[in-house]
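J.: A structural model of the following input is requested.
(one chain, ligands or ions: 1)
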Amino acid sequence: MRRVVCPGSFDPITNGHLDIIGRSARLYDEVTVAVLINVEKSSLFTVDERIEMLQTVTKELPNVKVRKFHGLLVDFCRNNDIPAIVKGIRVVSDFDYELQMAQLNYRLSGVETLFMPTNPEYSFLSSSRVKEIARYGGDVSGLVPDLVHKLLIERLRG
Ligand code: PNS
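T.: Residues are numbered from 1 along each chain as shown. Sure, this is the predicted structure:
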């Protein structure tokens, strides 16, 4: 069984994340989407809300499962017998940051990191930008799955 993990905060999931998850699911037998529980960072959606959104938008992908984790990603990988991490790279500055993390993770555990170039359609996209645009009434349809769009509007505009 060839397994990989797609880790992140997913607050909320964007179409860019979904593209990476879908492409990973075509390459690997099992993809675990791992949502970081980060008590130090304030979030718009709770971890459980994010998990529910992820489960709904990946329900057509039978080899994708969604889990949460805290602590080190490499410990999550070790505990779940996952030998590799997939990370999407949007722009060169992502690579600078991700390379350091990949090398550290390898040094800590031997867990590999595979970089997947983001679909150019989404290379400008991030959860933070999506939240900012939605907060000020901008249109984020097409940038996030429809369900996430609806929940974002509900959450931000009461
Ligand atoms: O979506 P994000 O916030 O960019 O995801 C970052 C994430 C969750 C992949 C990263 O912060 C992470 O792996 N955190 C777990 C803590 C950890 O393992 N840190 C050591 C990295 S060398």
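J.: The most centrally placed residue in the chain and the ligand, how far apart?
T.: The residue lying closest to the centre of the chain (CA atoms, centre = their mean) is Gly8, at 4.1 Å. Relative to the ligand, Gly8 is positioned 3 Å away (CB to the nearest ligand atom, to the nearest Å). The way it works is simple: take the backbone N, C-alpha and C, and place the C-beta from them, glycine included.
J.: give the contact list for that residue.
T.: His17, Val33, Ala34, Val35, Leu36 (CB atoms under 8 Å, 6 or more residues apart in numbering).
J.: Out of these, list just those in strands.
T.: Those of the contacts of Gly8 mapping onto strands are Val33, Ala34, Val35, Leu36, per DSSP state E.
J.: Spell out which parts of this structure neighbour the ligand.
T.: Contacts of the chain with the ligand, taken as CB under 6 Å from any ligand atom, map to Pro7, Gly8, Ser9, Leu36, Leu72, Leu73, Met101, Leu104, Asn105.
J.: let's see 8 Å
T.: 7-11, 34, 36, 38, 41, 69, 71-75, 85, 87, 100-101, 104-105, 108, 127 (CB under 8 Å from any ligand atom).
J.: Quick check: PyMOL command selecting the buried ones in these.
T.: PyMOL command restricting the residues of the chain next to the ligand to the buried ones, with burial defined by 16 or more other CB atoms under 10 Å:
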select buried, resi 7+8+9+10+11+34+36+69+73+74+85+87+105+127
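J.: In helices, which of the residues of the chain next to the ligand appear?
T.: Counting by DSSP state H, the residues of the chain next to the ligand place Leu73, Val74, Asp75, Gln100, Met101, Leu104, Asn105, Leu108, Ser127 in helices.
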